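Asks: No sequence on hand, only this structure:
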């Protein structure tokens with residue numbers, strides 16, 4: 001017979017894994033030994049009436065210059081969470097670049113580099129893939145705390161689309177499945193406020 005104490009400990013551990021956003025129970029950290037949780041790349045849209053408050057995050061870019069999400073209001077903002085050593089991030093980079101080119105000035109793009117211990121690797125990553133938009137430099141992942149209920153510390157890669165008011169309108173946890181998916185998601189956000 002299993003004691004109540006053992007059951008409550010197991011239940012607490014399971015709840016902790018669920019609350020942390022882990023998509024897998026393999027390994028102690030739920031990441032199959034990786035430093036990220038690869039989601040399924042499905043699009044989760046938030047109806048305009050259900051969107052929370054605008055996301056206000058300020059920080060510095062890879063060059064140490066100030067960067068603010070509030071300054072990007074007025075049109076949708078695509079936020080890409082990445083780090084240079086992340087294989088799915090490398091795979092999706094050309095799709096993000098293509099979506100950026102296709103959307104042009106109809107949407108802002110900004111990255112959030114959450115794992116690199118210095119700026120040399122992420123700067124090389126951006127140059128290699130032709131990324132021209134700025135990225136917040138958040139090596140400890142602090143920037144992800146601005147997205148409660150949407151992102152977790154292991155949500156890498158992830159893409160969040162803010163509406164023109166700066167509210168979370170859609171998210172993709174995992175690599176963007178296609179350029180078309182991202183473009184259509186942003187266009188849907190434009191069409192529905």
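Replies: Thanks, I have the structure now. None of these values were measured; they are calculated from a predicted model.

Asks: contacts and neighbour counts: CA atoms only from here.
Replies: Will do.

Asks: which residues touch the residue positioned nearest the centre of the chain?
Replies: In the chain, the C-alpha nearest the mean C-alpha coordinate belongs to residue 158, at 3.2 Å (Cα atoms, centre = their mean). Residues near residue 158 by Cα atoms under 8 Å, 6 or more residues apart in numbering: 80, 81, 82, 151, 171, 172, 173, 174, 175, 176.

Asks: how much space is there between residue 96 and residue 175?
Replies: Using Cα to Cα, to the nearest Å, we find residue 96 at a distance of 10 Å from residue 175.

Asks: actually residue 184, not the one I typed
Replies: 16 Å.

Asks: Over to residue 112: give its phi and psi.
Replies: Phi and psi for residue 112, reported as degrees, to the nearest 10, are phi -130, psi 100.

Asks: Does residue 114 touch residue 141 like I think?
Replies: Yes - applying Cα atoms under 8 Å, one finds residue 114 in contact with residue 141, separated by 4.6 Å.

Asks: If you count surrounding residues, which of the two has more?
Replies: Set residue 114 next to residue 141 and count neighbours by other Cα atoms under 10 Å: residue 114 wins out with 26 against 18.

Asks: Name the SS class of residue 44, please.
Replies: State at residue 44, reduced to three classes by DSSP: H, G, I helix; E, B strand; the rest coil: strand.

Asks: quick one: the closest residue in space to residue 142 that isn't next to it in sequence from residue 129, how far?
Replies: In this structure, residue 142 finds its nearest non-sequential neighbour in residue 114, 7.9 Å apart by Cα to Cα, 6 or more residues apart in numbering. Separation of residue 114 from residue 129 (Cα to Cα) stands at 18 Å.

Asks: and stretch 75-88, which residues are buried?
Replies: The neighbour-count check on stretch 75-88 (16 or more other Cα atoms under 10 Å) flags 75, 76, 77, 78, 79, 80, 81, 82, 83, 84, 88 as buried.

Asks: So which of those residues are in helices?
Replies: Within the buried residues of stretch 75-88, residues falling in helices by DSSP state H are residue 88.

Asks: Pick the one among the buried residues of stretch 75-88 closest to residue 51.
Replies: Comparing the buried residues of stretch 75-88 against residue 51 with Cα to Cα places residue 76 closest, at 13.7 Å.

Asks: got the phi/psi numbers for the closest one?
Replies: Listed backbone geometry of residue 76 is phi -60, psi 150, with angles given as degrees, to the nearest 10.

Asks: cool, and residue 173?
Replies: Residue 173 adopts backbone torsions of phi -100, psi 120, taken as degrees, to the nearest 10.

Asks: again with the one 3 residues further on
Replies: The main-chain torsion angles of residue 176 are listed as degrees, to the nearest 10 and equal phi -60, psi 130.

Asks: pLDDT value on it, please?
Replies: As predicted, residue 176 sits at a pLDDT of 95.

Asks: same deal with residue 129?
Replies: Predicted confidence (pLDDT) for residue 129: 97.

Asks: between residue 184 and residue 175, which one's more packed in?
Replies: residue 175 (27 against 13).
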